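Asker: Okay, predicted coordinates and the sequence, questions at the end:
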Amino acid sequence: MLRFMIRRALSLIPTVFLIITFAFVIIRIAPGGPFASEKQLPPEILANIEKRYHLDESLPRQYVRYLGDFVRGDLGPSFRYKDFTVGELIADALPPSMLIGSLALLIAVTGGIGAGVLSALRQNSWIDYAAMSLAVIGISIPVFVTGPVLKLFLALKHPWLPTSGWLGGRGGWLVLVMPVLTLALPYLAGIARLTRASVLEVLRADYIRTARAKGLSERVVVLRHVLKGALLPVLSYLGPAFAGIITGTVVVETIFAVPGMGRLSVQAAINRDYTLIMGDVIVFSVILVAANFVVDLCYGFLDPRISYS
Amino acid sequence: MTGSPIDPQDPLADAFSRALRPVSPWADAWRRLRRNRMALAGLAVIGLYALFTLAAPLLPIHPYAEQVVAHENLPPSLRPAGELMLAARTAYLLRFRAAEGRLEFNAEERQELADMARAIRTDPVHRRHYWLGTDNLGRDMMSRLLFGGRISILIGLVGTVTSMFLGVLLGSIAGYAGGTLDNLIMRFVDILYGLPYMLLVIIMMALFGRNILNLFVAVALISWLTLCRVVRGQVISLKHAEFVEAARAMGASPARIIFRHLTPNTLGVIVVFSTLMVPQFIMTESFLSFLGLGVSAPLASWGSLVAEGAGVMSIYPWQLLGPAVAMTVFLFAMNFLGDGLRDALDPQSRRRG
Amino acid sequence: MSRFRGLVLALLPIFLGAQDFVLNNGTEPQSLDPALITGIPEGRISMALFEGLTVSDPVTALPVPGLASSWTVSGDQRTYTFHLRETTWSDGTPLTAQDVVDAWMRVLDPATGSAYAYLLSDNIAGADAYLKGKGPASGVAIHARGPHTFEVTFVGPLPYALAMLTHSAFMVTPTFAVKRYGPGAWTKPAHFIGNGPYVLKTWRPQDQIVVARNPRYWDARNIHLQSITFLTIEDQNVAFDKYLAGEIDYVTDDSIPVGRIDEIRLRHDYHHMPGSSIYYFVYNVTRRPFDDVRVRKALSMAVDRDELVRRVLKAGDVPTAGFVPAMGGFRTAPGNGFDLDRARRLLAQAGYPGGRGFPRITITYNTSARHKLICEWLQQAWKASLGIEVQLHNLEWNTFLDTKQKTHDFQLARAGWVADYPDPGNYLDMFKTGSGNNDGRYSNLRYDRLLARAATLPPGPARDRVLEEAESILVTEDQAVLPCFFYVTRFVLDDRKWGGIHLNAIDSHPPRWWYRK
C-alpha cells in the first residue's frame, strides 16, 4: 500500500509537468494576445510592454524562465490585471469556489446516494418513478436555466434571498443558498441515477444472496454489503466531479456574481492572460490529480478484492 | 416409453423442443425490451423526434431564418399573427402612454395603429399562425426548434458514440491491465482534462477552420474522459470476480475477457452514464457557439435557443419554455430507453429472463 | 437610556449607509493606475480617485476647472498656463506643479507602457520624440513655472485641448508614491494616495471596489456621499436584476440588457439621449467584392437604418449614414442612406444584377447579444432586398481583434468608435493611410492631405469645412465604412433619490458630482 502511494505521488509530478508544458505551448499558439485592444497600441509602446513581460524572448527561453519562477513558488504577474500577481488572484478566487463547490458536493452526495438507494430498494414503485423523473429533469435542464429560475422566484418575485453577490456584502450568508443549490442539483440527480443503477446491479449479486441467506437484517445487508459495492462507480464519478465543480462552475458564478475560479479562468482565457491561465491550469490539475488519487485509494477500502500489489 | 423418439405431432413435445432451442442474446434482449412499456414509449418518442427533425425541410412550416420584424416577440397562439401583433402593439402603446402621463394617443400613434390595421387586412403575411410564438426578430419558434433539434440530436449522438467507444475501450484496458499501462492511460486522461479546453478549441478553429466536422471533434475530445474513469473503476472491481477467474482458467485471452465478460457487466453503469452526458454535450455545443465554432446564425440549436430564452424569460417565457420542454422530453425518452436497454442487455437478469 | 442608544447605534448604519451608493461597473478593471488604463470601467473608478487639471461638467460635459482653478492661453493658442489650487494629496503631502510634470512624464516614459501615451505624444510639443526615444525628456514642452503654476505647449492651436485634459491619461498621479511602493502596490488600499474626491478603501478582485470620501479633497465639503461601491458583474441580466431587487442604485449603459429593452423603456427611471459613439461595419477594401466601390455603396443603400433602430433595437439610437456626429459648427455628412432602387442599380452595374453571381460574403463580429441581433437582421435584409447570400461568423473577443487588426482576414467586420475627446478629427484620423486602426486598409491620398491640412488650422469654420470634406470622401464618395447608428447614451437611475448624474452626449459622469437628494 505504501509503495503504491509513493508510486502514485511520484507520478503526479510528471503529469503536472506535462500539463504545464502543453498548456504553455497551446496558450501561445492561440491567435490573439494579452495586449490586444479595440484601439490598437502604437508599435513602440507595444514593443516596450512586450519587453517588460519577456514576450520578446524566444519561446524556449520564456518556458525555462517560467519553470524557474514556478519552482520558487512564483507564478508571475498577471498580464491583464496589472496590479496583481497570479498568486494573489488565485488566492482570492479559490476560497469562494471551494466553499460553494464543497457545500454543493456534500448536498449532492448525501442527497443523491440517499435518493438512489431508496429508489433501488423500492424499484418500480411510485417513489422510484418520482425520484428518477425528478433526477432526469435535474440533469436535463441546464444550469443557466435553473439559476435564473431560482433567482426569479426566490429573489425577485419574493425578496427572500439576495439576487447575487458574495459574503461581506448586504446579503450575509444568504448569498450562498442559490449558487449552492443550483450547482448541486445536476450532480445530485446524476449521483442518484448512478447509485440506483449500481445498487440494482449489486442487489442481484451472489454475495448479497449469501448475506440474506445468512439471516442478516435487510438494513445490515444494505448498509454493510450493498453500499460498499454499489458506491464504486459513484466514487469514480466523484473524482473528476470534484475537480470540475471547483473550477468549471463559471455559469453559476456568472449568474450569482460569485468571485470564483470559474470566472477567473474564463476571463483569463478570453484575455489571453498567459500567466493567469497557467496558474489556473496548475491549480486545476493539482486538484484533479489529488482527487483522483484519493478516489483510487478509496477503491481499496470499498472492495477488499482490490489490492495494489 | 424407453427408446421411443419424441413424437413431433405431439403439441406438448413441440412446445418442449421449442423451449429448448437456443435463442440469440440479441433477440432475447429485444424481446425483453419489447415488454418494457416505458422503454418502448421512450423509443417511440425518440423515433418521432428523429422523424420530425429529419423531415423538417419538407414540412409545411415557416422558414426558420425568415424574419418578419413586425411579428417580433408574439406569444404562442392559434389566432392569426396580425391580430396578435395589433393587440400587442396597442397594449404596449397604452402602457407607454400611461408612463408618460397622457390620456390619449397622439397623432403619430393613432396613425401607426391605423396603418397596422390596414396592413392586416391587405398583407397575407399577417394571416400566419405561430403555434409556438416568435422570437425577437419575428422568426417562428416552432421551425427554429425543429431545425435546432437536428443539430442538438446529432451532437448528442456523436458525443455519446465517441464517448462510449473511446471511454469503454481505454477504460477497460486500463482497469484490466493495471500497473504501468493503467498509469499511462490515466495520466493521459488527466492531461487532457487539465488543458484549457477553450484555448484548445480556439486553436483547432484557427488551424482547421469552422465546419461541422471540427465541431464534432471538439465535442468528442472531452466526451470520453469521465466515462473512461468510471469504466476503469468498474473493471477494477470486477476483475477479481469468480467468473473472470473461470474465464482465465479456461484460457481466454485478455481481450476476450474484457469484451465478452467484463464489459457486459458494466453495461448498466455505461448506459446510465451516457444518458447523463447527453445534456452536457448539448450544453457544450452552446459553449462552442460562444467561441464561434458551433452553429452560425441564423441557424439555432436547442442549447442556443435555451440560452437566449433564459435571458428574457420574465417577459417572453415561451422563448424559453418551448426549447426547454422539447429538450427535456427528448432527454426523458433517452433515459427511459437507456434504462430499458440496460435491463434488456444485462446478462445477470438473463438468468431470470 | 441604553435602549435608546442601542436604537441609535442600530439605525446609525442606515444613516451612514444612506450615503452609500452602489453601481455595477462591468468587467474587472485592468488596473487603477490612470496611466495604464484604457477601458470604460477603469475610467469610472479613476474619475473617483484622481483628478486632472480640468473635469467635465455633469450637465454640459464641457471642461470646467478641476485641479487648475484658472488658466491663460498664449496668443498663438498653443501655450496654456494653469494656476493650480493649493491643496494636498490624501496623505497630506502638498500637491505642486512638479507633480503634474512628473505624472505626465511617467505616462510618456516608454518603460511605463501606457496605452494612451499617444494622446500626449500626438499633442504636446516634443513629446513624440521622447516617446520614440529620439528626443530628451527635457525636450517635452511641459514645465513647472512655480509651485502652483504649470505650463504646457501643444503642437498646434488645439480646439479640444481643455476637453482632452479631462481624460484619465492626463490625471495627476502621485509619482512619489509609485516610486516608493512600486507599481501594483501603490494602487492597493494599504498604500493608496490620491487627489480625487474619494480614496480607495477595499479592492476584492472580481467582486467589488469600494471608495470612501476623501476629507482632504480640495472641494471635500461638496462631496456628500460617504462611499461608492463599484460591483464587478459582467453579465447584463445579472446586473439589471440587482437593480430590480434594489441592490444597486444606478445601471450604466453597458449593463442594460438588450433583450429586455421593451420593459426598460417604459420605466420612469430610464433616461436616454443621442450620444456620440458610432456603430458601424468596416469593409476590407482589398478583398473581392468590396474592392468595388459600387458594391460597397449598394450594400449601404440597402440598409433601412430606420427599421433597425426603431423596430429591432428600440433603444433610441440615432440612424446615420455619416460617420462623425454633429458638434460645434461641424455637420455630419449625409452619406449613402436607404435607397433601394439605386442600390439595386449599382449592384447590377457592378456586374451582379439581382444578386446573381455575387459571391457569398461573411460578416465577422464578436460574440454578443446585440451584435448577433443586428447582424442577423442585416443578413436577412440583404437577402430579401438584394438577393445576396451572407454568412455570419462570430468569434470570441481576442480572436476577433486578432482577425480584424492583425490578419485582416475578413470581408465585413463589425466595429465601433468612442471618441477620446470631442473633435471630428478624432473620428477621422484612424482612416489615414497606414494608420494603426485602419483595419480595412483604406487609402486615399486626397483624404490624407485634407486631414494634414486640418491639423494646422485653428478651430473655426475653415477647419470644420476641411474636415467635412474629408468625411464626405470617406462615407459618400468612397464608402470605406458602413455607418449604422450613433449609440444612444442612457442609464437607469431613480433621479428623485440621486442627483449629479445627467445625460450628456459623451456619456461622462464623474462621481465628483454625485449626491443623494
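Answerer: It's in. All values derive from a computational prediction rather than experimental measurement.
Asker: Report the buried residues of the host helix or strand of B:F188.
Answerer: According to DSSP states H and E, B:F188 maps onto helix B:179-194. Across helix B:179-194, burial judged by 16 or more other C-beta atoms under 10 Å in any protein chain shown covers B:182-183, B:185-194. Quick note: C-beta positions are derived from backbone N, CA and C, even for glycine.
Asker: Can you sort out which of the residues you listed also neighbour chain A?
Answerer: Contacts with chain A within the buried residues of helix B:179-194, as defined by C-beta under 8 Å from any C-beta of the partner chain: B:183, B:186-187, B:190-191, B:193-194.
Asker: Next, format those residues as JSON lines and append pLDDT.
Answerer: Shown next, in JSON lines, are these (pLDDT from 0 to 100):
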{"residue": "B:N183", "pLDDT": "85"}
{"residue": "B:M186", "pLDDT": "87"}
{"residue": "B:R187", "pLDDT": "85"}
{"residue": "B:D190", "pLDDT": "84"}
{"residue": "B:I191", "pLDDT": "85"}
{"residue": "B:Y193", "pLDDT": "83"}
{"residue": "B:G194", "pLDDT": "81"}
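Asker: And for C:L392, nearest residue in space, chain neighbours not counted?
Answerer: Leaving aside its sequence neighbours, C:L392 sits nearest to B:A297 (C-beta to C-beta, 6 or more residues apart in numbering or on different chains; 4.4 Å).
Asker: which residues touch the one you found?
Answerer: By C-beta atoms under 8 Å, 6 or more residues apart in numbering or on different chains, B:A297 lies in contact with C:372, C:375-376, C:379, C:392, C:394.
Asker: Between which two of these is the distance greatest?
Answerer: Pairwise distances across the contacts of B:A297 peak at 12.0 Å for C:Q379 and C:N394 (criterion: C-beta to C-beta).
Asker: Which is the succeeding secondary structure element to the helix holding B:F188?
Answerer: helix B:197-208.
Asker: circling back to that earlier point, now render the contacts of B:A297 as TSV, adding neighbour count and secondary structure.
Answerer: What follows is the contacts of B:A297, written out as TSV (neighbours: other C-beta atoms under 10 Å in any protein chain shown; DSSP: H, G, I helix; E, B strand; the rest coil):
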residue	neighbour count	secondary structure
C:K372	21	helix
C:C375	22	helix
C:E376	22	helix
C:Q379	21	helix
C:L392	19	strand
C:N394	25	strand
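Asker: Which of these sits closest to B:V158?
Answerer: When the contacts of B:A297 are compared against B:V158 (criterion: C-beta to C-beta), the nearest one is C:N394, at 21.9 Å.
Asker: what residues are up against that closest one?
Answerer: C:N394 makes contacts with B:289, B:292, B:296-297, C:364-367, C:371-372, as judged by C-beta under 8 Å, 6+ apart.
Asker: please redo it, this time with the cut-off set to 7 Å
Answerer: B:292, B:296, C:365-367, C:372 (C-beta atoms under 7 Å, 6 or more residues apart in numbering or on different chains).
Asker: Residues of the stretch 151-300 of chain B that sit close to chain C?
Answerer: B:202, B:290-292, B:296-298 (C-beta under 7 Å from any C-beta of the partner chain).
Asker: what about burial for the residues you listed, which qualify?
Answerer: Using 16+ other C-beta under 10 Å as the burial test, those include B:202, B:290-292, B:297-298 as buried.
Asker: and the gap between the residue of the stretch 101-250 of chain A at minimum distance from chain C and A:K157?
Answerer: As assessed by C-beta to the nearest C-beta, chain C sits closest to A:T163 within the stretch 101-250 of chain A, at 4.7 Å. Counting by C-beta to C-beta, to the nearest Å, the gap from A:T163 to A:K157 is 11 Å.
Asker: got it, and B:A324?
Answerer: Relative to A:K157, B:A324 is positioned 19 Å away (C-beta to C-beta).
Asker: more neighbours, the two?
Answerer: The residue with more neighbours, out of B:A324 and A:K157, is B:A324; 22 against 10, by other C-beta atoms under 10 Å in any protein chain shown.
Asker: got the residues of the stretch 51-200 of chain A near chain C?
Answerer: A:52, A:80-84, A:89, A:92-93, A:151, A:155-156, A:159, A:162-164, A:166, A:170.
Asker: Give the rounded mean pLDDT of the strand or helix carrying A:A130.
Answerer: Assigned by DSSP H and E, A:A130 falls within helix A:126-140. The pLDDT scores in helix A:126-140 average 86.
Asker: so where is chain B shaky, pLDDT-wise?
Answerer: Along chain B, segments meeting pLDDT under 70 span B:1-11, B:13-26, B:346-353.
Asker: Could you give the number of residues near B:T90?
Answerer: 16.
Asker: Kindly report the same for B:V230.
Answerer: B:V230: 28 neighbours (other C-beta under 10 Å).
Asker: Quickly find the element holding it.
Answerer: helix B:225-238.
Asker: other SSEs contacting that helix?
Answerer: The elements that helix B:225-238 packs onto, with contact taken as 3 or more C-beta pairs under 7 Å, 6 or more residues apart in numbering or on different chains; DSSP states H and E, are helix A:227-247, helix B:168-177, helix B:179-194, helix B:263-291.
Asker: Identify all contacting residues around it.
Answerer: Here helix B:225-238 makes contact (C-beta under 7 Å, 6+ apart) with A:232-233, A:235-237, A:239-240, A:299, A:303, A:306, B:163, B:167-168, B:170-172, B:174-176, B:189, B:192-193, B:244, B:262, B:265-266, B:269-270, B:273.
Asker: Try it again at 6 Å.
Answerer: Applying C-beta atoms under 6 Å, 6 or more residues apart in numbering or on different chains, the contact partners of helix B:225-238 are A:232-233, A:236-237, A:240, A:303, A:306, B:163, B:167-168, B:170-172, B:174-176, B:189, B:193, B:262, B:265-266, B:269, B:273.
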